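1. Need coordinates for the below:
(chains A and B)
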Amino acid sequence: MSALEIVGLRAGYGGEPVLTGIDLSVADGEICGLIGSNGAGKSTLLRAVLDLGVDFEGSIMIHGCEGRGMPPMERARLVSYLPQNFNPCSRLTVGETVLLGRFPYRSNWSTDSERDLEIAERSMRECDIWELRDRVFTNLSGGEKRLVLLAAALAQEPRLLLLDEPGSSLDFRHQLNMWLLLRRLSSKGIGILVSTHEVAMAGRFLDRVLVLSEGRTAAFGTPSETFTPDILSEAFGVQLTVTRDAEAGSWSIIPEIRT
Amino acid sequence: MSSSNKMVRRPGAQFWVLMLAAIAIASVISLMVGPLSDPPGWVIFRLRLPRLVLSLLTGGSLAVSGCVLQSLLRNDLATPYTLGISAGAGLAAGSLIVAGIAVPVLGMVAAGTAGALIAVGAVYAISVAAGRRDTGSTLLLAGVTVNLVGASFLLLMEYFTDANRIMEIIRWMMGDMAVVGWAKPVFLLVPWAAGMLLVLRRTGVLNQIAQGDDLAATRGVAVRRERNILLAAAAILAGATVGVAGPVGFVGLIVPHSMRRLAGADYRYLVPASALGGMLLMVVADSISRVVISPAELPIGIVMSMVGGPFFLMLLLKKGRRRKH
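-> Numbers count the residues shown, from 1 in each chain, chains lettered A, B, ... in the order given. The predicted structure is shown next:
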């Protein structure tokens, strides 16, 4: 089954379309990348799926269920989200923060069940932050905070995980770890849709890529199909040299500088 | 006092028992202190017991209201008065005093309550009209503005009024727990119970909203509706309290802060802990206000600020020192 199936999407804010004619499908266990220049509509697409204040026409099916008008609690049990910017104001510990991801599974006031604690622990171990569990969230580094919120997103037991530029503000090692982690999660059957600017790095880990250019689909396919100088140069508005080291499977994408 | 597993910091059973015991002891002391000029039975049942109940209710509601606003505004320094509640209540009560309209005690209480609610309504309307996505900071800015404008109108009113009435306004603004009979506590009980019930059912939502609107929404919270209900509950709790007892400061700030240290930051535990903490603080402060210059009494607002200010400063300094290590 598809974790996400989008057909003929037209989306925007207050009647002004940001995206038009978007078709996209993310299968279970697949990582799909969203790339494009700033303002191309990557975040709008993610927010439309999450019903975060985006007006849209067209169809969004989440794990076989109609996304439009889906009750918030039901959606929260299918999709979870790691935002690009976050600034929680709380003195909660890492463990308590991750447990907040269990909210869609409990009633208005209830204590944490054994199952909640188990799943929180599993999520923290998956994200390799179990050692941080007693620390206060606000005292962590930016990269650690991101992993904690990712663990909270996993505690929602999603079928579909949306991430908005998860690698931004991370150094090379943490970026690499983030992508390896996404690969591990997808191998467990979670469908992943991730917007990113680290195009070359992402090329090694993505199954498919949607290249957005000014709110339209410039290309959709595997990295080999979509990472061509023509497609990427047009999408980013600069002349790009694209090479692939077939042996290592790595990409390098370098802008040409004309003086 | 928290459980040994530090990953989740929950106040243990002994925390709740100790809080309740402290409140019980403070209450008994509060009933006994002060001069007994009139028949003891009358003093205790018509003056001190209703006053004790009023202290418990006001302390609990101000602390819980502060707790709620700190989550909604995502700011640990938010208090019930951040939303213009004291300015609104002060203007309404002040107008009555200046106009020289002789209203019964409950009329004054109702006017103060209405003023507080109107101020919150105005703050909310302004923040909606501004239409920004970060509702927390817009509410905060609108609240601070309404508070300042309201305070300046109150000053303007005082400037053109004769001295006796100015004294009356100033006295009201200092907070007043004096009661004769049960009218005030009974009046407060209804909005108090309604506000508390609305908040206690939503402590899990408070945790989510403190994380940010987007995260809360993607975890299944109907953010706009829940925020409106919680805002209304905080306004009812603080507005009715200010109407009855005047704008007593600091409780809504100090109590949630102190309780975060004792009971953790999870609102499911922090809200009830703050309610108890507010009750304790108010009963103690009221007892002090009655004995320091006995047989006269100090306004509770002054006592609260003089005791609360240094205490809060101590907390801040201690926290700063710990951070450095």
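2. where along the chain do the helices fall?
-> No chain in the question, so chain A it is. A:42-50, A:72-78, A:94-99, A:114-126, A:142-155, A:172-187, A:199-203, A:223-226, A:229-236 (DSSP state H).
3. That was the other one, I meant chain B.
-> Under the criterion DSSP H, chain B contains helices at B:13-32, B:40-42, B:49-72, B:85-99, B:105-130, B:135-159, B:163-173, B:183-200, B:203-210, B:213-218, B:223-245, B:251-263, B:267-291, B:300-324.
4. Please name whichever of the helices of chain A is nearest to residue B:96.
-> Shortest distance between residue B:96 and the helices of chain A, using C-beta to C-beta, is found for helix A:72-78: 44.7 Å. Bear in mind the C-beta positions are built from the backbone N, C-alpha and C, glycine included.
5. for the closest one, which positions count as buried?
-> Buried positions in helix A:72-78, judged by neighbour count with 16 or more other C-beta atoms under 10 Å in any protein chain shown: A:72, A:75, A:76, A:77, A:78.
6. Chain A contacts on chain B?
-> Neighbours of chain A within chain B, by C-beta under 8 Å from any C-beta of the partner chain: B:6-9, B:70, B:74-76, B:133, B:200-205, B:207-208, B:210-212, B:214-215, B:217-222, B:260, B:264-266, B:268.
7. Buried ones among these?
-> So, by 16+ other C-beta under 10 Å, the buried ones in those are B:7-9, B:70, B:74-76, B:200, B:202-205, B:207-208, B:210-212, B:214-215, B:217-221, B:260, B:264-266, B:268.
8. Phi, psi for the residue of the stretch 101-250 of chain B found nearest chain A please.
-> When you check the stretch 101-250 of chain B against chain A by C-beta to the nearest C-beta, the closest residue turns out to be residue B:220, at 3.5 Å. Backbone torsions of residue B:220, given as degrees, to the nearest 10, read phi 100, psi 10.
9. Wait, it touches residue A:70, no?
-> No: taking contacts as C-beta atoms under 8 Å, residue B:220 lies outside contact range of residue A:70: 10.6 Å.
10. Now residue A:119: closest residue in space that isn't a chain neighbour?
-> The shortest distance from residue A:119 to any non-neighbouring residue, by C-beta to C-beta, 6 or more residues apart in numbering or on different chains, is to residue A:155 (5.5 Å).
11. same deal with residue A:225?
-> Leaving aside its chain neighbours, residue A:225 sits nearest to residue A:219 (7.2 Å; criterion: C-beta to C-beta, 6+ apart).
12. Might you report the residue contacts of the one you found?
-> Counting by C-beta atoms under 8 Å, 6 or more residues apart in numbering or on different chains, residue A:219 makes contact with A:209, A:210, A:211, A:225, A:226, A:231, A:235.
13. do residue B:76 as well
-> If you count contacts by C-beta under 8 Å, 6+ apart, residue B:76 has them with A:89, B:70, B:256, B:257.
14. can you check residue B:238 too?
-> Here residue B:238 is in contact with B:61, B:62, B:65, B:80, B:81, B:85, B:116, B:252 (C-beta under 8 Å, 6+ apart).
15. go on, residue B:264?
-> So residue B:264 contacts A:91, A:92, A:96, B:2, B:8, B:9, B:10, B:11, B:270 (C-beta under 8 Å, 6+ apart).
16. any weak-confidence spans in the chain?
-> The chain I'm using is chain A. A:108-109, A:259 (pLDDT under 70).
17. Correction: the question concerned chain B.
-> B:1-5, B:132-135, B:319-325.
18. which ones are touching the residue nearest the centre of it?
-> Nearest to the mean C-alpha position of chain B, by C-alpha atoms, centre = their mean, lies residue B:62 at 1.8 Å. For residue B:62, the contacting residues are B:80, B:237, B:238, B:241, B:248, B:251, B:252, B:255, B:278, B:282, by C-beta under 8 Å, 6+ apart.
19. returning to what we had before: hey, which of the helices of chain A is tucked in deepest?
-> Each of the helices of chain A was scored by mean neighbour count; the highest is helix A:94-99, a mean of 27, by mean count of other C-beta atoms under 10 Å in any protein chain shown.
20. is any part of that helix close to chain B?
-> Yes: counting by C-beta under 8 Å from any C-beta, contacts between helix A:94-99 and chain B involve A:94, A:95, A:96, A:97, A:99.
21. what about the closest residue in space to residue B:22 that isn't next to it in sequence, how many neighbours?
-> Distances taken as C-beta to C-beta, 6+ apart put residue B:280 closest to residue B:22, at 5.5 Å, once the chain neighbours are dropped. Here the count is done by other C-beta atoms under 10 Å in any protein chain shown, and residue B:280 has 24 residues near it.
22. now swap in residue B:25 and tell me
-> 12.
23. any idea how far it lies from chain A?
-> To chain A, residue B:25 is 29 Å away according to C-beta to the nearest C-beta, to the nearest Å.
24. separation between that residue and residue B:32?
-> 11 Å (C-beta to C-beta, to the nearest Å).
25. next one: residue B:103
-> Here residue B:103 is placed at a distance of 34 Å from residue B:32 (C-beta to C-beta).
26. For those two, indicate the residue with more neighbours.
-> Neighbours per residue (other C-beta under 10 Å) separate residue B:103 from residue B:32, with residue B:103 holding more: 14 against 11.
27. ok, that one - contacts?
-> Residues counted as contacts of residue B:103 (C-beta under 8 Å, 6+ apart) are B:96, B:111.
28. And it, its phi and psi?
-> Per-residue torsions, residue B:103: phi -110, psi 150 (degrees, to the nearest 10).
29. How about the contacts made by the spatially most central residue of chain A?
-> Geometric centre of chain A, nearest residue: residue A:163, 1.9 Å, by C-alpha atoms, centre = their mean. Counting by C-beta under 8 Å, 6+ apart, residue A:163 touches A:81, A:82, A:150, A:182, A:192, A:193, A:194, A:195.
30. switch the cut-off to 10 Å
-> A:31, A:34, A:46, A:80-84, A:146, A:150, A:153, A:178, A:182, A:192-196 (C-beta atoms under 10 Å, 6 or more residues apart in numbering or on different chains).
31. of these, list those near chain B.
-> Restricting these to those near chain B by C-beta under 10 Å from any C-beta of the partner chain leaves A:80, A:81, A:82, A:83, A:84, A:153.
32. Which ChimeraX command selects the buried ones in those residues?
-> Of the ones next to chain B among the contacts of residue A:163, the buried ones can be selected in ChimeraX as follows, counting by 16+ other C-beta under 10 Å:
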select /A:80,81,82,83,84,153
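33. nearest to chain B, of the ones next to chain B among the contacts of residue A:163?
-> Nearest to chain B among the ones next to chain B among the contacts of residue A:163 is residue A:81, at 4.3 Å by C-beta to the nearest C-beta.
34. ok, the closest one touching residue B:211?
-> No: taking contacts as C-beta atoms under 10 Å, residue A:81 lies outside contact range of residue B:211: 11.6 Å.
35. Could you list which residues are in contact with the nearest residue to residue B:54 once chain neighbours are set aside?
-> The shortest distance from residue B:54 to any non-neighbouring residue, by C-beta to C-beta, 6+ apart, is to residue B:185 (4.6 Å). Contact partners of residue B:185, counting by C-beta under 10 Å, 6+ apart, are B:49-58, B:179, B:192, B:244.
36. got the residues you listed as JSON lines, with neighbour count columns?
-> As requested, the contacts of residue B:185 are exported to JSON lines (neighbours: other C-beta atoms under 10 Å in any protein chain shown):
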{"residue": "B:49", "neighbour count": "17"}
{"residue": "B:50", "neighbour count": "20"}
{"residue": "B:51", "neighbour count": "23"}
{"residue": "B:52", "neighbour count": "23"}
{"residue": "B:53", "neighbour count": "18"}
{"residue": "B:54", "neighbour count": "25"}
{"residue": "B:55", "neighbour count": "30"}
{"residue": "B:56", "neighbour count": "24"}
{"residue": "B:57", "neighbour count": "26"}
{"residue": "B:58", "neighbour count": "32"}
{"residue": "B:179", "neighbour count": "22"}
{"residue": "B:192", "neighbour count": "22"}
{"residue": "B:244", "neighbour count": "29"}
